[in-house]
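Trainee: what's the 3D shape of this:
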Amino acid sequence: KQWYQRRVRGVEDKFDIERRGIAAEAVAKWVKERAEVVIEVIRPPNYTNAILLGVFLFAVSGTLLLKGNSLDFLYKWKYWAITSMFIMFAMTSGQMWLHIRGAPFAHVDRASGRTSFI
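Mentor: Numbering: from 1, shown residues only. Presented below is the predicted three-dimensional model:
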């Protein structure tokens, strides 16, 4: 028998995204349970932190190189005002709210069955 003929179709043959999630591991596990086919999920390495660290070190070293021994810009109130305003706007933006709250990507209205995307 072929893999698709090994079991009788049932209610569980539909993948429930709300209950199981949309991660590749969940889908691979569901396929293995239903069809006895093993799917290996391989994720590429995440280089985001290394790149951000490199950009930060580059910016700091570039500032120190250009300013030399004169670090008087650290004592200027306009520098700190602009920096604090940038941080304040970043923290109050909708992106930061979504990042902190972990809001879902999509929401299904149970009454109408329509999907709303953020």
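Trainee: any idea how many residues pack against residue 101?
Mentor: Close neighbours of residue 101, defined as other Cβ atoms under 10 Å, add up to 8. From N, CA and C alone the C-beta is placed, and that goes for glycine too.
Trainee: residue 79 touches residue 73, doesn't it?
Mentor: Yes. Contact criterion Cβ atoms under 8 Å: residue 79 and residue 73 qualify, at 5.6 Å.
Trainee: name the element the spatially most central residue of the chain belongs to?
Mentor: In the chain, the centroid-proximal residue (Cα atoms, centre = their mean) is residue 99; its distance is 8.4 Å. Assessed by DSSP states H and E, residue 99 sits inside helix 94-101.
Trainee: next secondary structure after that helix?
Mentor: strand 106-108.
Trainee: if we can go back for a sec, could you check how far the residue nearest to the centre of the chain is from residue 85?
Mentor: Applying Cβ to Cβ, to the nearest Å, the value for residue 99 to residue 85 is 20 Å.
Trainee: ditto for residue 74
Mentor: The spacing between residue 74 and residue 85, counted by Cβ to Cβ, is 17 Å.
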